[in-house]
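S.K.: Give the three-dimensional model of this entry:
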Amino acid sequence: MKKKVEIGNKFGKLLAVEEIKERRSGGIRYKCLCDCGNSHEAFATHLRRLLITHCGCERKVGSKHHQWGGVGDISGDFWYSHILRSANGSKGNRRIKQLTVTMEEAWKLFLDQNKKCALSGIELTFPKKHKDKQWTASLDRIDSSKDYTPENVQWVHKHINIMKNSFDQSYFLEMCKNINQWHNNTERNQ
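M.R.: Sure, this is the predicted structure:
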């Protein structure tokens, strides 16, 4: 027998807490509180039939989703929008670069670097969801005048990649060293 929707009844992780005014369609909606702490609205029929049992907190994302097209934590969308677009010059770069490193090789490199930036040691992450802006991993060309080849790439923090821009690595590191020395000397003199 189907459970009747009443305030205080639980449907999976959802606890019905308030009836919301009836819609034109005749369906009654309920405001529910999920076990994870989020609030969610659901139609009574969906709750009764257990078609909705959580607020969305159990949705499969990333590699757990059946349409996953990536490797490891690198989604196919991330690879296309951040690596392929950069290589083909559509991210503001004028020169098209050859991309011979594969997503599998890039993931292996990421693991070989212990998921850390090759230049700073900062832990790196990839987007967890489509619109996630908190990711930090960026595939960098060690020598910016050369192509994206397995021997010329490394994972760095995206802000470091922006700062490094078109410089080769040795020049960039020398400039960072000069900045650090100047900053330390200036602090000592104050």
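S.K.: Helix or strand next in line after the worst-scoring helix or strand of the chain on mean pLDDT, which one?
M.R.: Taking all helices and strands of the chain together, the one with the lowest average confidence (mean pLDDT, DSSP states H and E) is helix 85-87, at a mean of 83. Once the chain leaves helix 85-87, the next helix or strand it forms, by DSSP states H and E, is helix 103-112.
S.K.: one step back: now the least confident helix or strand of the chain: buried residues?
M.R.: Within helix 85-87, the residues that qualify as buried are 86-87, counting by 16 or more other C-beta atoms under 10 Å. From N, CA and C alone the C-beta is placed, and that goes for glycine too.
S.K.: Centre of the chain to it, how far?
M.R.: For helix 85-87, the distance between its averaged C-alpha position and the chain's averaged C-alpha position is 18 Å (C-alpha atoms, centre = their mean, to the nearest Å).
S.K.: same check, this time on stretch 12-22
M.R.: Distance, centroid of stretch 12-22 to centroid of chain: 32 Å (C-alpha atoms, centre = their mean).
S.K.: Use 71 as the first number for this chain going forward.
M.R.: Taking 71 as the first residue, the last one we looked at is stretch 82-92.
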